[in-house]
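Novice: here is the input, now give the coordinates:
(2 chains)
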Amino acid sequence: MVSLVAHNLSLIRAGKLLLDDISLSARGAGSIAIIGPNGAGKSTLLKTFAGLLYPSAGAVALGDQALQHVPADERARTIGYMPQHFAPHWDIRVRDLLRISVERVGTAAAAVRVDEVLTTHAIGDFANRWWSTLSGGESARILLAMVTAIDPPILLADEPAAALDPLYRLDMIERIAKRGRTGICIAVMHDIDLAFRFFDRIVMMKNGQVVADGSAAELFETSHLEETFGVRFLRSKIDNVRFAGIGWPTGSPSAKQVAVVGARSTVGIVKAAPL
Amino acid sequence: MRVWITLGGFVFLALTVGICAGHTWEGPDAVFRALAGDTSMESALLLEWRVPRVLAAALVGALLGLGGAIFQGVFRNPLAEPYLLGSAGGAALGATVALLVPLSLSQTFSLPILAFAGAWGATLLVIGVARAAGTMDVSTLLLSGVAVSAVLAAFKSFLMLALSDETVSLQVVLSWVLGGMQTPTWAGVGGLAAVSLAALLGCLALAPGLDKLGLGEAMASTFGMNVDRFIGVAVLVGAATVAISVTVGGLIGFVGLAAPHIARWRLGPLHRSVIPASALIGAAIVTLADAIARSALPPAEIPLGLVTAVAGGPFFLFLLARSRQW
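Specialist: Numbers count the residues shown, from 1 in each chain, chains lettered A, B, ... in the order given. Prediction:
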């Protein structure tokens, strides 16, 4: 059973405490969304999980081994990391991009495995497209296909849908959260509504610390969201699906403000409209 | 496949033109007769003087193409080139020391060793400066390369002024620094071919790593690469490749810039293709440039480095003026 565990993780960069004594464990399977205000340390935590940053104190364990001591090729097989921004230095065809990706576990039958990835991810039409010609939504899909081409049991995704249109965003988040059924998937999320809707577990961070960690259903009902973000949220459930939308700043709003806000309509992403 | 046949054809054509060209122009039939074992004086001259020289030029060009492909891959930058990043300047300083400073070691050994040490040291210095600045972007690398090259060139000029006297001719150093092939013996060509083959294999071994690195350091790292160690090894291989070419051919600029560019333009960015293609393109370019150097102003020879600079300078400006990344 695959597991990724942080023990009392702290990280200091340029004299600033970015992660402050974080303990977090993910075992077996499940989808985890990390949410929190800007500068909370979400991306830093994810990079530390990916082995891109070394903790100043504490440790990350992959299975029963400290992450630093896991051989690089085994780490590459086990953990897929989807960065927030990805741009290859050379313009490259999608097929070649996938080829580099599958070859991290060996060069045997690489071309065949690339074809399989093109089929399973339904991106065959893009095989011969150059990266520079892809739209934001398309490149996000290709990036996910590339990172998960070898089906790593752990997927780390840093704001995977931040710059996408609603349709692509919904699609991308569903695809990523789905990986939590068979493995571990940890995503830094900006869309709080989608985090509560699609992920099993929510980790809230603020000032480099984990301030709340629990199932999405549980945390949906508490005031942790308000305490973490400093705004009130509008909550609703439609067909048993949770929605948490941004309401108004915390503190006691004047009756007038509430009236104004209450009179406004809000729009959230619900589901892809039938085409 | 068609691209490779075309490239091979170009190299063959360049070699043929190279052997035909010289103080006197020989027809391809004369070349064929000489290679077929003709024993006339004319054929003997061709075989002893022109053919080895042309082959050496082709190999130097291939090495420059390889070096350029490695440096552009490591720096992930289409403007990276041994000449611009200080490696060639470092090699030149090392070689000047070997040529001018009386050492206990014979020049056969001191020239390649010092050229390599210079190339490697200069490149590490450029990377170190860029790393200290916290960035490996185009401007930082080029600026630090320019600064390091300038300092090295100043040292080299000082050595040339201070140490040359009647016994050590400045002419020797100067013609070498400006880039110029000497006509090697057949054994020399054989040795160069063997070393070039080793360089090609060394560079090809770096291809998968360079491909990963092309996805960015973070992605390369999560793909199981020890990025810092790989860059260290790749720079070592690249510097060694440059040092061999500088030892044989002197300073020949712009080939290492142009060859990988043309290779990526025709074959895409995967280094398993770019590296060998760049070697072939470099070979063709230098062979032709050397042919011009030998035949343009007979009986004088124009330094090879001047020919490539005259053609390569405008090419570089053309690259700077357009932003498309190959």
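
Novice: for residue A:153, give me the pLDDT.
Specialist: With respect to pLDDT, residue A:153 scores 94.

Novice: quick one: contacts for it?
Specialist: In this structure, residue A:153 makes contact with A:2, A:78, A:182-184, judged by Cβ atoms under 8 Å, 6 or more residues apart in numbering or on different chains. (Each C-beta comes from the backbone N, C-alpha and C, glycine too.)

Novice: and the closest residue to chain A within chain B, helix, strand or coil?
Specialist: Chain A sits closest to residue B:224 of chain B, with a gap of 3.1 Å, by Cβ to the nearest Cβ. Recorded secondary structure, residue B:224: coil (DSSP: H, G, I helix; E, B strand; the rest coil).

Novice: which other residues reach the helix or strand bottoming out on mean pLDDT in chain B?
Specialist: Lowest by mean pLDDT, DSSP states H and E among the helices and strands of chain B is helix B:170-177, with a mean of 73. Contacts with helix B:170-177, where a contact means Cβ under 8 Å, 6+ apart, come from B:92, B:95-96, B:99-100, B:156, B:160, B:164, B:250-251, B:303, B:305.

Novice: and residue B:253, what pLDDT?
Specialist: On pLDDT, residue B:253 comes in at 83.

Novice: does it belong to a helix or a strand, and which?
Specialist: For residue B:253, there is no helix or strand it lies in under DSSP states H and E.

Novice: could you do the one 10 residues further on as well?
Specialist: Residue B:263 is part of helix B:255-267, with elements assigned from DSSP H and E.

Novice: could you confirm whether that helix reaches chain A?
Specialist: Yes - using Cβ under 8 Å from any Cβ of the partner chain, helix B:255-267 reaches chain A at residue B:264.

Novice: which positions in the stretch 201-326 of chain B make contact with chain A?
Specialist: For the stretch 201-326 of chain B, the contact set with chain A under Cβ under 8 Å from any Cβ comprises B:208, B:211-216, B:218-219, B:221-226, B:264, B:268-270, B:324-326.

Novice: please repeat the previous calculation with a cut-off of 10 Å.
Specialist: B:208, B:210-227, B:229, B:264, B:268-271, B:273-274, B:324-326 (Cβ under 10 Å from any Cβ of the partner chain).

Novice: which residues of the stretch 101-250 of chain B score low on pLDDT?
Specialist: For the stretch 101-250 of chain B, the stretches with pLDDT under 70 are B:134-139, B:165-169.

Novice: and the helices in it, which stretches?
Specialist: In the stretch 101-250 of chain B, the segments counted as helices under DSSP state H, counting those that start in this stretch are B:107-132, B:138-163, B:170-177, B:186-205, B:207-213, B:217-222, B:227-249.

Novice: dump the ones you listed to CSV, plus mean neighbour count.
Specialist: Listed next are the helices of the stretch 101-250 of chain B as CSV, based on neighbours: other Cβ atoms under 10 Å in any protein chain shown:
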stretch, mean neighbour count
helix B:107-132, 20
helix B:138-163, 16
helix B:170-177, 16
helix B:186-205, 16
helix B:207-213, 23
helix B:217-222, 22
helix B:227-249, 23
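
Novice: so what's the gap between the least confident helix or strand of chain B and the chain middle?
Specialist: Here helix B:170-177 is found 18 Å from its chain centre; the criterion is Cα atoms, centre = their mean, to the nearest Å.

Novice: with stretch A:70-90 instead?
Specialist: For stretch A:70-90, the distance to the chain centre is 14 Å (Cα atoms, centre = their mean).

Novice: and which of the contacts of residue A:153 is nearest chain B?
Specialist: Nearest to chain B among the contacts of residue A:153 is residue A:78, at 10.1 Å by Cβ to the nearest Cβ.
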